[in-house]
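Enquirer: fold the following.
(3 chains)
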Amino acid sequence: MITYIARRILWIIPVLFVVSVITFVLMHAVPGGPWDQEKRLPASVVARLNQEYGLDQPLYAQYINWATDFVTGDLGPSYRFQDRRVNDIVADGLMTTVQLGVMAFILSVVVGIPLGILAALGHNRWPDYLSTSLSIVGIATPSFVLGILLIIVFAVNLGWFPTGGWKGPETWVLPTVALAGFPIAVIARYTRASMLEVTRKDYIRTAQSKGLQRSAVVNRHMIRNALIPVVTILGPTLAFLVTGSFIIERIFNIPGVGQFYLNSITTRDYSLLMAMTMMYAFAVAFLNVVVDVLYAYIDPRIRYS
Amino acid sequence: MATISRPVPGTLVRPRRSAGLWADAWSRLRKNRLALFGLVLVSLLLFTGIFGPLLAPWPYQAQDLKAVAAAGGGPLPPGSPNHILGTDQLGRDLFSRLLDGARISVSVAFVVQLVILTLGVPIGALAGWFGGRVDNLLMRFTDIIYAFPDLLFIILLSVAFRDTAFGQAIDGLLMVFVAIGITSWVTVARLVRGQMLALKETEFVEAARAIGVKDRRIVTRHLLPNGMGPIIVAITLGIPGAILAEATLAYIGIGVQPPRASWGSLIAEGQKWIRSEPHLVTFPAIAIALALIGFTFLGDGLRDALDPKLKGKQ
Amino acid sequence: MSAAEVPTVIELSPEDVRREQLERTEVRPAGQKADVLLKVSGLSTHFFTPDGVIQAVDDVSFELGYGETLGLVGESGCGKSVTALSIARLVPDPPGQIVAGEIVFDGIDVLKLSQEDVRKLRGSEIGFIFQDPLTSLNPTLTIGYQIGEAIREHMGLSQKAARERVVDLLSKVGIPRAADRLNDYPFQFSGGMRQRVMIAIALSCDPKLILADEPTTALDVTIQAQILELIAKLADEFHTAVLMITHDLGIAAGMCDRVNVMYAGRIVETATIDELFDDPRMPYAWGLLDSLPRIDDVKGERLRTIEGLPPLLIKPPDACRFHPRCIYEREICREDEPELTRRGSDSHYARCWATEPDGWIP
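Expert: A predicted model of the protein is given here:
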């Protein structure tokens, strides 16, 4: 098991390498450069800046420069915010983004799984209809629409929460709900389907034939097995939360790192863009390993092989 | 392949021939009310996507400035004369723009899935059929694509090529199709690979091999038709994701170029007026919701109808 | 065939069916044994599906004495398994429902019990061995836990005593190093070993009855014999009655004193095993016997099979249910369903016009 985890984590390195090369090449294929701003700089100034930042070197040399710095933990200078290092920019917003993502993830799991279980246990009765209707609303509402609606209803009309910002628990509620809405629906639907599938299994009939109480059949035999396939969608869910967070940060004016992603592309802020891509790629790849380990933990057939 | 046929009541003789796989699936689908509802929504979306411009009272970019000026400058509310769902602040008819948006969503839904099919099915089939190194290569590649945060990759691609001829094609939509397709094909490739691996071991394929049927023929005549069901289901259930991705991109200003507007960019524009004229957000949001619900229900229904595991069970 | 051409099904409500069944239920051959453990009379279990009402078990009656092993033989889909599930009221509802009949187990009217009381009967008084040991054990729980579960639920033993009992059961069913294997998971056992675990579960609370539903069908032939021997040995040791459900008359012959042959939801012949092999009185039973390999077979002769498939049981007409596949079939077989009537002895009954005293087969 430990060698498995180690191998999976080591495998992240080549993945990150390929991601970084693709991004680097694509980024430099984009016409224009970091110095194309509102007022055009004289060619001599651009040449001097390019030289200073090493942008006059061939692409492979630039990549090697970037990669050497990256490996030592130096994300380089920002081209756009010229007095700042990318490390500082990232450090400022990272915790906020992580916090938003983690809270939304917890909310998705804590609400989504019970919702799915309740729906399956009350199959074709009101708990099922209620839960299914909620998840339909969830999958039919893009997170940006949900965000706007939440702001209008709960911030503007009811005034219960602020419209944006990130200064204390009352500002956390709406963005977290907006981000978690879609994953809650997906997890609930998946859990319900998985529970209904498990209900038909032979070993559930065996459990019933032992004369166990209904609660024992449900808790020990059904839920645990039903959650195994649910774990597999936690990976995509985390990826969704990671990338979805930057839309939510935009809508709610949250000072996370997500806002920099789009900006760094449009302003050709090469080092910032690379840092953002690597961070997101690492987060997704690493969380996928975590999910797989969790999967092995819950399913003994995998744990022991 | 044995299929469970509908029994004929009141007789002791089993029907000799069962209905085919597809007829059987269709009869299941017809009994599923949610799936039928989904089918109706999808048909409606298809219809408006194809014939929308003919039905639209105004061209999507036409500005009824006189009406806006007469009303005092802002967007017209729903129910205004000549503008059943109102207009934006430039006097552009919301209903007509929604119909044009349906065309964009339909093309996203189908073109993206076409890209996914043309990439995913052959690659998955090759990997599954040949196994070994080819298979390994594909699996490693999918790892990388999975690790690429897809929305961010689409944005990067879209912005990178925004100013090129390619990026400008079809009002900026071509780029979106390709970008979404590139990030999504691996799911289908993996699925086809899995199908291929499972089917390769089945007796009818072994039989075909034993009598000397060529590889290519086995794949095209035996494996693909038998693996069709799950692929169709995956494609259908992938459509909401594509529509959602396009809407999200349009919302942040990537993809479709003004004056054309997709439902996502209509919401972005309408957001500025949300306090006084919420319909500019709610109508496009409802349109998106109906499209997502339609494809999701239809996909669920297809899965239940085509999934042999669930066959014969209630 | 397009879906539109399928004739519409007249929907029957459970109440309608129950009324109809009650009218049809007649007095069955009275029990000869005074000490019956299980008495099933007029049992009908139907499945209410969108395609119509499937009469999976239709007016089935039989008895089983304490410690006796009774065979229930027939093709798959004939209603054997549903009969067994009905006895412990485990038929999945919806869509299944017991619509008529009486099941008296050890003097208790099972169909009148509350859900809670039936639950207490399951596992403690009635044990189950299911067909497929690969799917019948929970993949995520250790086998020690799965065997101990019923013991803790029904016997009120302490953790330690329950554990000892589990180890004891495991060694009784022939699992080597039983104490070391308690924490293993089902996937770490072979098919035959898993079926031994199932047997341990079935026996865990000293039940009076074991319902063994095709317990060896999913196993290799060599393992089959071992498992059957084990069931026979332990049933004897625990003085447990066994309802042996199988499609294989050979297995029934080796295990049972008496056999009920089921076809299309009905019992079509009931006899001692000798009577059935010497003088079967129902063409379907002949078919079953003919399809057994025999030691005295002429070399090169092919095993005979019964042509055709069993019917689907939606609104079966009033006719012998076997007639479409029967080579002796005559007009009356198509027009009227025969009753289960006495043949040579008190223990031999058959449902066939042709072998009635005035029939056309002597």
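Enquirer: need the phi and psi values for residue C:267.
Expert: Main-chain torsions, residue C:267, degrees, to the nearest 10: phi -80, psi 130.
Enquirer: ok, now the one 4 residues further on?
Expert: According to degrees, to the nearest 10, the main-chain angles of residue C:271 amount to phi -160, psi 170.
Enquirer: now do the contacts for it.
Expert: C:258-259, C:280-281, C:343, C:347-350 (Cβ atoms under 8 Å, 6 or more residues apart in numbering or on different chains). Any C-beta I mention is one placed from the backbone N, CA and C, and that applies to glycine too.
Enquirer: same question, residue B:266
Expert: B:94, B:97-98, B:101, B:280, B:284.
Enquirer: equivalent analysis for residue A:150, please.
Expert: Residue A:150 touches A:174, A:177-178, counting by Cβ under 8 Å, 6+ apart.
Enquirer: which strand or helix spans the residue nearest to residue B:32 when sequence neighbours are not counted?
Expert: Once flanking residues are discounted, residue B:32 sits nearest to residue B:301: 4.6 Å by Cβ to Cβ, 6 or more residues apart in numbering or on different chains. In this structure, residue B:301 sits in helix B:279-306 according to DSSP states H and E.
Enquirer: can I get the CA coordinates of the helix ranked longest in chain C in PDB?
Expert: The single longest helix within chain C, with elements called by DSSP state H, is helix C:221-238. Output of helix C:221-238 as PDB, limited to C-alpha atoms (Å, rounded to 0.1, in the frame of the first residue of the first chain):
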ATOM      1  CA  VAL C 221     -18.200 -30.600  -9.900                       C
ATOM      2  CA  THR C 222     -15.600 -31.900  -7.500                       C
ATOM      3  CA  ILE C 223     -16.400 -29.200  -5.000                       C
ATOM      4  CA  GLN C 224     -20.100 -29.800  -5.400                       C
ATOM      5  CA  ALA C 225     -19.800 -33.300  -4.000                       C
ATOM      6  CA  GLN C 226     -17.900 -32.100  -0.900                       C
ATOM      7  CA  ILE C 227     -20.400 -29.300  -0.200                       C
ATOM      8  CA  LEU C 228     -23.400 -31.700  -0.500                       C
ATOM      9  CA  GLU C 229     -21.700 -34.100   1.700                       C
ATOM     10  CA  LEU C 230     -21.000 -31.400   4.200                       C
ATOM     11  CA  ILE C 231     -24.600 -30.200   4.200                       C
ATOM     12  CA  ALA C 232     -25.900 -33.700   4.700                       C
ATOM     13  CA  LYS C 233     -23.400 -34.400   7.500                       C
ATOM     14  CA  LEU C 234     -24.100 -31.100   9.400                       C
ATOM     15  CA  ALA C 235     -27.900 -31.400   8.900                       C
ATOM     16  CA  ASP C 236     -27.700 -34.700  10.600                       C
ATOM     17  CA  GLU C 237     -25.400 -33.400  13.300                       C
ATOM     18  CA  PHE C 238     -27.500 -30.300  14.100                       C
END
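Enquirer: and residue C:70, which of the three is it?
Expert: strand (DSSP: H, G, I helix; E, B strand; the rest coil).
Enquirer: so it touches residue C:255, yeah?
Expert: No. Between residue C:70 and residue C:255 there is no contact under Cβ atoms under 8 Å: 9.4 Å.
Enquirer: now residue 242: which helix or strand?
Expert: Assuming you mean chain A. helix A:224-251.
Enquirer: that's the other chain; I wanted chain B
Expert: Applying DSSP H and E, one finds residue B:242 within helix B:224-251.
Enquirer: can you name the next helix or strand after that helix?
Expert: helix B:263-270.
Enquirer: that next one to helix B:224-251, inter-axis angle?
Expert: Interaxial angle, helix B:263-270 versus helix B:224-251 (axes from the mean of the first three to the mean of the last three Cα atoms, to 10 degrees): 10 degrees.
Enquirer: and for residue B:50, the neighbour number?
Expert: Residues near residue B:50, counting by other Cβ atoms under 10 Å in any protein chain shown, number 12.
Enquirer: assign it to helix, strand or coil.
Expert: On the basis of three-state DSSP, residue B:50 is classed as helix.
Enquirer: model confidence at it, what's the number?
Expert: Per-residue confidence at residue B:50 stands at 85 (pLDDT).
Enquirer: ok, it - contacts?
Expert: Per Cβ under 8 Å, 6+ apart, neighbours of residue B:50: B:103, B:106.
Enquirer: then the one 10 residues further on?
Expert: Residue B:60 sits next to B:53, B:92-93, B:96-97, B:99-100, B:259-261 when contact means Cβ under 8 Å, 6+ apart.
Enquirer: still on that earlier bit, please indicate which of the contacts of residue C:271 are buried?
Expert: Taking 16 or more other Cβ atoms under 10 Å in any protein chain shown as the criterion, what is buried in the contacts of residue C:271 is C:258-259, C:280-281, C:343, C:347-350.
Enquirer: reformat the residues you listed as a markdown table; add distance to chain B, secondary structure and pLDDT.
Expert: Shown next, in a markdown table, are the buried ones among the contacts of residue C:271 (distance: Cβ to the nearest Cβ, whole Å; DSSP: H, G, I helix; E, B strand; the rest coil; pLDDT from 0 to 100):
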| residue | distance to chain B | secondary structure | pLDDT |
| --- | --- | --- | --- |
| C:258 | 28 | strand | 88 |
| C:259 | 24 | strand | 90 |
| C:280 | 21 | coil | 81 |
| C:281 | 21 | coil | 81 |
| C:343 | 24 | coil | 83 |
| C:347 | 29 | coil | 82 |
| C:348 | 25 | coil | 85 |
| C:349 | 22 | strand | 84 |
| C:350 | 19 | strand | 82 |
